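Colleague: fold the stuff below for me.
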Amino acid sequence: MNGLTSYQLKLIAAGSMLIDHMGVVFFPDADWLRMVGRLSFPLFVWLLVQGEAHTRSAWRYGLRLLLLGIVSQPIYQYLFDIERLNILFQLLVGLSCLRLTRRWPQLALLIWPLGAGLAESLNISYGSYGIALVLLARYFQQTPIWWAAWTGFHWIWIWLMGPFQLLALPAPLLFGWANGRRGAKARWFYGFYPGHLALLAVLQPVGQYAAN
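Modeller: As a prediction, the model looks like this:
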């Protein structure tokens, strides 16, 4: 079967995130590395949407995100010297919105704004932008209307926040190439986030020493 398996999408998401974070830690003046990394979050969102649709236990899925978010948080704050909550908490809020709207679709117009407000009030990485991406990915269709919504939203965001999100614009092309198959097992995937942060935190002093 042609197209990309879930495993291949996970590889692309993890690889682009690693490039982004290596840029932050070792090459802070190389903006292009940060821009490459902007591909990762839409893919994590897409994988979240697919995972929520097929999981046998949303509670276990959410608990896994929560525990990994808690484990990752001190490393995340140390590595990037910021106070925000990491993206696993963003994905947890997104998962909650997906599950609540599946249970009570008539309340969707209330649930999504509340999720966006919660992401902002908790100072989670990506904030309301991240919840908007979950919403758009949830209703992904290869139609001009959907693409107009995705593109228009991102151009507004780029106008407000700068050009770093440019590579998020074509990310749904990969959604469309997904073939719905799981592919190889990715037991490493959930541990990737805290694991790569920890590795970069260990290597950061080495990079700073080499730069000097």
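
Colleague: and residue 182, how many neighbours?
Modeller: Neighbour count for residue 182, taken as other C-beta atoms under 10 Å: 12. Backbone N, C-alpha and C define where each C-beta goes, glycine included.

Colleague: contacting residues for it?
Modeller: By C-beta atoms under 8 Å, 6 or more residues apart in numbering, the residues touching residue 182 are 5, 6, 7.

Colleague: if I look at the second one, how far off is residue 183?
Modeller: It refers to residue 6. Distance check for residue 6 against residue 183: by C-beta to C-beta, to the nearest Å, it reads 6 Å.

Colleague: so residue 150 is in contact with residue 172, correct?
Modeller: Yes. Residue 150 is within contact range of residue 172, at 6.0 Å (criterion: C-beta atoms under 8 Å).

Colleague: ok, the residue positioned nearest the centre of the chain to residue 184 distance?
Modeller: Taking C-alpha atoms, centre = their mean, the centroid of the chain lies closest to residue 41, which sits 2.9 Å from it. The spacing between residue 41 and residue 184, counted by C-beta to C-beta, is 23 Å.

Colleague: same check on residue 2?
Modeller: 17 Å.

Colleague: which parts of the chain are helices?
Modeller: 6-26, 31-37, 40-54, 58-80, 87-103, 108-121, 127-138, 144-161, 172-177, 189-211 (DSSP state H).

Colleague: hmm, back to that, who's more crowded, residue 2 and residue 184?
Modeller: Applying other C-beta under 10 Å to residue 2 and residue 184 shows that residue 184 carries more neighbours, namely 11 against 5.

Colleague: was I right about the more buried one contacting residue 10?
Modeller: No. Taking contacts as C-beta under 8 Å, residue 184 lies outside contact range of residue 10: 9.4 Å.

Colleague: worst-scoring helix or strand of the chain, pLDDT-wise?
Modeller: Lowest mean confidence among the helices and strands of the chain (mean pLDDT, DSSP states H and E): helix 189-211, at a mean of 82.

Colleague: which residues touch that one?
Modeller: 10, 14, 17-18, 21-22, 25-26, 64, 68, 71-72, 75-76, 78-79, 86-88, 188.

Colleague: more neighbours: which of residue 6 and residue 183?
Modeller: The residue with more neighbours, out of residue 6 and residue 183, is residue 6; 21 against 14, by other C-beta under 10 Å.

Colleague: look at residue 187 and report its pLDDT.
Modeller: We have a pLDDT of 84 for residue 187.

Colleague: let me see the backbone angles for it.
Modeller: The phi/psi pair for residue 187 (degrees, to the nearest 10) reads phi -60, psi -20.

Colleague: please report the distance of it from residue 10.
Modeller: If you measure residue 187 against residue 10 using C-beta to C-beta, the figure is 11 Å.

Colleague: any regions of this structure where pLDDT drops low?
Modeller: In the predicted model, the chain carries pLDDT under 70 at residues 1, 206-212.

Colleague: again, only this time at 90
Modeller: Scanning the chain for pLDDT under 90 picks out 1-3, 28-32, 34-37, 56, 142, 157-167, 179-187, 189-190, 204-212.

Colleague: next, count neighbours for residue 7.
Modeller: The number of residues packed near residue 7 is 14, by other C-beta under 10 Å.

Colleague: so how far is residue 171 from the closest residue to it other than its chain neighbours?
Modeller: Counting by C-beta to C-beta, 6 or more residues apart in numbering, residue 7 lies nearest to residue 183, which is 3.3 Å off, once chain neighbours are set aside. Taking C-beta to C-beta as the measure, residue 183 falls 19 Å from residue 171.
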